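S.K.: Here is the input, now give the coordinates:
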Amino acid sequence: MISKKILFLFLITSFYSFAQLKNYYQQHIVYNMDIDVDVEKFTYKGKQNIIYTNNSPDELKVVYFHLYWNAFQPNSMLDQRIQYLGNEADKRMTKDVSGKRVSRIKDLAADKIGYQRISKLLQNGKNVKFEVQGTILKVELSEPIKPNSSTKFDMEWTSQVPEQIRRSGRNNAEGIALSMTQWYPKMAEYDYEGWHCWDYIGREFHGVYGDFNVNISIDKNYIIGAGGVLQNPKEVKGYDENSKIVTKNNKAIWKWKANNIHDFAWAADPDYFVDKIQVPDGPLVYLVYQKNEKTLIWEQTKPKVSQFFTIMNNEFGKYLYPSYSFIQGGDGGMEYGMCSLILGQTNSLPGLCSLMFHEGAHSWYQHIIGTNESIRQWMDEGFTTYAEEYTMSKIFPENYKNSTHFMSDTKNNLTRIQNENKEEMACRLADHFETGRGYGNAAYTKGAMFLAQLGYIMGEENLHKTLREYYKIWKLKHPIDTDFLHIAQTVSGMDLKWFLNYMIYTTEKINYTIKNVQADGKSTLILLERIEKFPMPIDLYITLNNGTIKRFTIPLNMTRGAKKSENGLEYTVLPYWEWTATQYNSIIPIPFDEIQKVEIDATGRLADIDPNTNMWKK
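M.R.: Got it, this is the predicted structure:
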């Protein structure tokens, strides 16, 4: 029999799902590509036939494509931004000159720049006018794309693979020949926020969900790792021990297919080794890397990677694709559809696993749930960081044994930058942060702490229920912050708009203190004070002389609800703390003489910038 509470939750979430999505739409795309690579010159020729479906209610008279590699040219907007930021720029995109960091792009020679040059573009067989605007291609259509209709584009282009500076490029630091990411003219997304066609300034991206059929012709001695399903493993090198390489003009043709993703990436190297992991009730995972004395740890990751996908499937929603590839390449770690490119030379198993788990978790928070990273990077990087820390704590518990909570280090990172007054608001556009540290804190740390603080407010069970419901409703779609918030409010029964505002749209800090504890007849009077402006509910733990712990929670009046239990432990709900009041008096019906200790948040989750004032001892 279904309980009334479960039935009510089902009905209300089902109503929310219907109400929120009934006017939702998203575009669809099919790419059919033929790519011919010259590995000696680091160039390739590309042809693509695109079928684009306009599911919006709007008639489209223009469309846009991303030409990411045009960013790797002197005086590009990316180059200008790096020069403007100077020593604050990403160290991977700069070099030292007499103690000053300068752009690596600024002095690129003509044979080392990147470009994507369009030589032909047709719509339904007719020529169209187009204009290259840096990393954006603006196309004036020969005929408008009406609502609920499709159009066909035929495009030809040439590209030069840039010197490896940011994510994509040739001959990276670990000797990988080709890291082919953000490498093709990619259709920009159009949704109810309009066209998403901002210039590429080195950070994140967004895309249209669709299907990819990609044929890559390349030197027969090269092995490719990619985000898709290889259709002809017996005709190429590395994936089938009984393969017989089929060549044309001394090149092998690799045929890849991927459905319901919004980006396709690959890498190629003659020294790649391919290993496989079959996750129980999960994907076939490929490890594609140079197998040598610097990458011995990769073999040890195999059981850990299997554990990772199992935990993610159980706790965050099932991985939807048949395969996934971890590919050595790029300049750190970067996620793409069904694969990630990562640096892989390390002596640390937890270190390599942490990188793999982070990039792998992006399959949930960037690909299965396609948040626009250019606008709400904290929903992508932050949610991914939370999932990374959660899975690491389960798989490497010994690394967390001295922490009060698996997010303790992340919380300390946040409060450290807040105490230094160097925080930038998390709502800033990804490319517009003034420092790399400011971006990292907002995207990774504060985004992850958004979930950790939410768990503190509404309870861990409700947080994970929210994450699973979020996955259920928004998989293979493009949600925004209020879409997630509505689910959290539905699950918890709380009003949480204030929390989203303070956490993401301000740089206010959390700081509470226990001002006084004293006897009040047969009870105890506890005086608390809020020092900074960020209001929060407060969990109060009282330890008695005999070791018994009494748990209380002080709801914030704006939540219009309270956490009554968590992890099987009950809370006594005290009267609301009004957000306008800086102090709070509570009379606890426990004799003062019986109390040994009073703590604010003994679980260590509250992101208080001065936790030293959160405990009173007799």
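
S.K.: Strands of the stretch 501-618 of the chain, start to end?
M.R.: Residue ranges of the strands in the stretch 501-618 of the chain, as given by DSSP state E, counting those that start in this stretch, are 512-520, 523-530, 538-544, 549-554, 565-566, 569-570, 572-573, 583-588, 595-600, 615-617.

S.K.: so can I have TSV of those showing distance to Ser408?
M.R.: From N, CA and C alone the C-beta is placed, and that goes for glycine too. Shown next, in TSV, are the strands of the stretch 501-618 of the chain (distance: least, C-beta to C-beta, whole Å):
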stretch	distance to Ser408
strand 512-520	18
strand 523-530	22
strand 538-544	16
strand 549-554	20
strand 565-566	17
strand 569-570	19
strand 572-573	26
strand 583-588	26
strand 595-600	15
strand 615-617	16
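
S.K.: Tell me which of these approaches His66 most closely.
M.R.: Closest approach to His66 among the strands of the stretch 501-618 of the chain is made by strand 565-566 (44.5 Å; C-beta to C-beta).

S.K.: follow-up on the earlier one: with mean neighbour count, mean pLDDT and distance to Lys475 as extra columns, can I get the strands of the stretch 501-618 of the chain in CSV?
M.R.: Listed next are those as CSV, based on neighbours: other C-beta atoms under 10 Å; pLDDT from 0 to 100; distance: least, C-beta to C-beta, whole Å:
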stretch, mean neighbour count, mean pLDDT, distance to Lys475
strand 512-520, 16, 97, 38
strand 523-530, 18, 98, 39
strand 538-544, 20, 98, 33
strand 549-554, 17, 98, 33
strand 565-566, 16, 94, 27
strand 569-570, 10, 94, 32
strand 572-573, 14, 97, 35
strand 583-588, 16, 97, 42
strand 595-600, 19, 98, 38
strand 615-617, 15, 96, 43
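
S.K.: Break down the stretch 201-350 of the chain into its helices, ranges please.
M.R.: Applying DSSP state H, counting those that start in this stretch to the stretch 201-350 of the chain gives helices spanning 297-300, 302-316, 349-361.

S.K.: cool, and the stretch 1-150 of the chain?
M.R.: Under DSSP H, counting those that start in this stretch, the stretch 1-150 of the chain gives helices at 4-21, 77-85.

S.K.: quick one: which of those helices has the weakest pLDDT on average?
M.R.: For the helices of the stretch 1-150 of the chain, mean pLDDT drops lowest on helix 4-21, to a mean of 46.

S.K.: Checking the residue nearest to Leu21 when sequence neighbours are not counted next. Helix, strand or coil?
M.R.: If the residues on either side of it in the chain are set aside, Leu21 comes closest to Ile473, at 7.2 Å by C-beta to C-beta, 6 or more residues apart in numbering. The local conformation at Ile473, judged by DSSP: H, G, I helix; E, B strand; the rest coil, is helix.

S.K.: Can you report how many residues neighbour Ile473?
M.R.: 21 (other C-beta atoms under 10 Å).

S.K.: Check the gap between it and Val491 for me.
M.R.: 11 Å (C-beta to C-beta, to the nearest Å).

S.K.: next one: Arg530
M.R.: Distance, Arg530 to Val491, by C-beta to C-beta: 27 Å.

S.K.: try Met155
M.R.: 45 Å.

S.K.: residue contacts, Tyr289?
M.R.: By C-beta atoms under 8 Å, 6 or more residues apart in numbering, the residues touching Tyr289 are Tyr272, Phe273, Thr295, Trp298, Phe326, Ile327, Gln328, Gly344.

S.K.: List the contacts of the closest residue to Val274 other than its chain neighbours.
M.R.: Counting by C-beta to C-beta, 6+ apart, Gly238 is the residue found nearest to Val274 once chain neighbours are left out, at 4.5 Å. By C-beta under 8 Å, 6+ apart, the contact set of Gly238 is Ile223, Tyr272, Phe273, Val274.

S.K.: so which of these is the most crowded?
M.R.: Tyr272 (23 neighbours).

S.K.: Show the pLDDT at that residue.
M.R.: Tyr272 is given a pLDDT of 98.

S.K.: who does the nearest residue to it once chain neighbours are set aside bridge with?
M.R.: Counting by C-beta to C-beta, 6+ apart, the nearest residue to Tyr272 once its immediate chain neighbours are dropped is Ile223, at 3.8 Å. Following DSSP bridges, Ile223 is listed with bridge partners Asp269.

S.K.: Ile223 touches Pro270, doesn't it?
M.R.: Yes. Applying C-beta atoms under 8 Å, one finds Ile223 in contact with Pro270, separated by 7.1 Å.

S.K.: so what pLDDT did the residue in the chain sticking out farthest from the centre get?
M.R.: In the chain, Gly521 marks the outermost C-alpha relative to the chain mean, sitting 53.7 Å out by C-alpha atoms, centre = their mean. What the model reports as pLDDT for Gly521 is 94.

S.K.: Pull up the gap between it and Ile590, please.
M.R.: To Ile590, Gly521 is 12 Å away according to C-beta to C-beta.

S.K.: could you point out where this protein is predicted with low confidence?
M.R.: Judged by pLDDT under 70, the chain has its weakly predicted residues at 1-20.

S.K.: how does it divide into domains?
M.R.: Using automatic domain parsing, the domain parsing of the chain gives 28-295+323-348, 390-505, 512-617.

S.K.: Adding distance to Thr371, write the ones you listed out as TSV.
M.R.: Output for the domains of the chain, formatted as TSV (distance: least, C-beta to C-beta, whole Å):
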stretch	distance to Thr371
domain 28-295+323-348	8
domain 390-505	7
domain 512-617	22
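
S.K.: For Phe357, find the nearest of the ones you listed.
M.R.: Going through these one by one, with C-beta to C-beta as the measure, domain 390-505 comes closest at 5.2 Å.

S.K.: Just list the residues touching Thr301, thanks.
M.R.: Thr301 makes contacts with Leu287, Leu349, Leu352, Cys353, Met356, as judged by C-beta under 8 Å, 6+ apart.

S.K.: Let me have those in TSV, extended by distance to Arg551.
M.R.: As requested, the contacts of Thr301 are arranged in TSV below (distance: C-beta to C-beta, whole Å):
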residue	distance to Arg551
Leu287	46
Leu349	38
Leu352	39
Cys353	35
Met356	37
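
S.K.: Distance to Asp481 and neighbour count added to these, as TSV?
M.R.: Listed next are the contacts of Thr301 as TSV, based on distance: C-beta to C-beta, whole Å; neighbours: other C-beta atoms under 10 Å:
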residue	distance to Asp481	neighbour count
Leu287	35	24
Leu349	36	15
Leu352	32	23
Cys353	30	24
Met356	28	23
